[in-house]
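*Asks:* Provided below for reference: sequence and predicted model.
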Amino acid sequence: MKKIEDIKNMPTNELEAKLKTDQAAYTQMLLNHAVSPLADSSKIKASRRDIARIKTILRQRELNK
């Protein structure tokens, strides 16, 4: 899968920044969806999974130090 390889190749500081922005976007998406349903609600699931992938890679790097 290309996406996981891209995440693995990113430096740790960039991953942490991406995690913060993705989490903020995910929260905003949830709030918007609660008010008026999104046209494509599968983006919520995809965003949640991207956040999980980033957290997994960061945790692996933390344990390998």
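*Replies:* Perfect, thanks for sending it.

*Asks:* what about the protein, any weak spots by pLDDT?
*Replies:* Residues of the chain meeting the criterion pLDDT under 70: 1-2.

*Asks:* What residues sit buried inside the longest helix belonging to the chain?
*Replies:* Counting residues, the longest helix in the chain under DSSP state H turns out to be helix 12-35. Buried residues in helix 12-35, counting neighbours by 16 or more other C-beta atoms under 10 Å, are found at 15, 19, 22, 26, 29. All C-beta atoms are positioned from the backbone trio N, CA, C, and that covers glycine.

*Asks:* I'd like the next helix or strand past it.
*Replies:* Reading on from helix 12-35 to the C-terminus, the next helix or strand found by DSSP states H and E is helix 42-63.

*Asks:* And that next one, what does it pack against?
*Replies:* Packed against helix 42-63 by the contact rule (3 or more C-beta pairs under 8 Å, 6 or more residues apart in numbering; DSSP states H and E) you find helix 2-9, helix 12-35.

*Asks:* measure residue 49 to residue 41 for me?
*Replies:* Distance, residue 49 to residue 41, by C-beta to C-beta, to the nearest Å: 14 Å.

*Asks:* For my notes, please list the helices and strands packed on helix 42-63 in JSON lines and give distance to residue 55 for each entry.
*Replies:* As requested, the helices and strands packed on helix 42-63 are arranged in JSON lines below (distance: least, C-beta to C-beta, whole Å):
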{"stretch": "helix 2-9", "distance to residue 55": "10"}
{"stretch": "helix 12-35", "distance to residue 55": "7"}
